[in-house]
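> need a 3D model of the sequence below.
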Amino acid sequence: MDYETIELELRDKIAVIRLNRPDVKNALNTQMRAEITQCVNQMGKEARVLVITGSGSAFCSGQDLGDRKSVSQIDLERTLRDEYEPMLRSILDCPVPTIAAINGAAAGAGANLGLAADVVIACESAYFLQAFTRIGLIPDAGGTYIMPRTMGKAKAMGASLFADKITADQADRWGLIWEAVPDDSFEKVWLSRANHLANGPTVAYQNLKDALKNSFDNDLNSQLSLEAKLQNKCGDTRDFQEGVLAFLQKREAKFEGR
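Residues are numbered from 1 along each chain as shown. Now for the predicted structure:
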């Protein structure tokens, strides 16, 4: 399918979704949100790992404030409920691992779009900015949920109140992202990470994601019970059989993703 605001590149088992409105630093408009949602939902069924990155110098500058003729025409609650939530859900609930490759500035809803991925890898020149209070708003697009659970309440509160830039190095040290890497090796690193996941045990990854997401709401007994249930599903796969056989034979496992 052809898209107007994003580009889709298929690299074997990897789907790379590139936000493609570089003239506005990949700002999110209604069409882009719909295309991201549709593409992620489709590629979650066809690929074994999904990467979201940006074209040009930015990852995503957030909401396109020029997407409406006037501020009075913006129904923020409806936009968040009907456009942002489906987009974020498609990423958060994606059955295969997702990587956000942050190639530059990630601001406002653009920052939180990236943070919705399972793994966030940023180049060292990138930064994150919760810019919302600069225009009289609160962080949205999942920001108030994701940030306290990754870098803690104190850092999340400061980042939101002051709307200061968080460098990739800070984001790495604070636990907001997985890693910050030098710009000159950025694409090589995220592609290597994506290849690792694309050749891994897909069913195990899906169950791992479910276990970690549910852990925030479960007590210990409930989580132990969930682990046992999900582990049983993993044990009933060809990948488990292959993994054990490869271990015994002292070779690399060749997972089929089932």
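> tell me where the stretch 1-150 of the chain has strands.
Shown for the stretch 1-150 of the chain, the strands assigned by DSSP state E, counting those that start in this stretch span residues 6-11, 14-19, 49-54, 58-60, 98-102, 105-107, 119-123, 127-129.
> with respect to residue 245, which of these lies nearest?
Closest approach to residue 245 among those is made by strand 49-54 (23.7 Å; Cβ to Cβ). Every residue, glycine included, has its C-beta placed from N, CA and C.
> pairing partners for the closest one, with directions?
strand 14-19 (parallel), strand 98-102 (parallel) (DSSP bridges).
> which residues are in contact with stretch 174-189?
101-103, 115, 119-126, 128, 147, 150-152, 155, 166-172, 190 (Cβ atoms under 8 Å, 6 or more residues apart in numbering).
> which of those residues are buried, as a ChimeraX select command?
To isolate the buried ones among these in ChimeraX, judged by 16 or more other Cβ atoms under 10 Å, type:
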select :101,102,103,115,119,120,121,122,123,124,125,126,128,147,150,151,155,166,167,168,170,171,172,190
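> output the below-cut-off pLDDT ranges for the chain.
When residues are selected by pLDDT under 70, those of the chain lie in 68-73.
> the strands of the stretch 1-150 of the chain: which one's closest to residue 195?
Of all the strands of the stretch 1-150 of the chain, it is strand 14-19 that lies closest to residue 195, at 7.0 Å by Cβ to Cβ.
> tilt between the closest one and strand 6-11?
160 degrees (axes from the mean of the first three to the mean of the last three Cα atoms, to 10 degrees).
> would JSON lines of the strands paired with strand 49-54 with distance to residue 82 be doable?
Formatted as JSON lines, the strands paired with strand 49-54 follow (distance: least, Cβ to Cβ, whole Å):
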{"stretch": "strand 14-19", "distance to residue 82": "20"}
{"stretch": "strand 98-102", "distance to residue 82": "22"}
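> so where do the helices sit in the stretch 151-258 of the chain?
153-162, 168-174, 186-198, 202-215, 220-235, 238-248 (DSSP state H, counting those that start in this stretch).
> and the ones you listed as a markdown table, adding distance to residue 6?
What follows is those, written out as a markdown table (distance: least, Cβ to Cβ, whole Å):
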| stretch | distance to residue 6 |
| --- | --- |
| helix 153-162 | 27 |
| helix 168-174 | 23 |
| helix 186-198 | 17 |
| helix 202-215 | 23 |
| helix 220-235 | 32 |
| helix 238-248 | 31 |
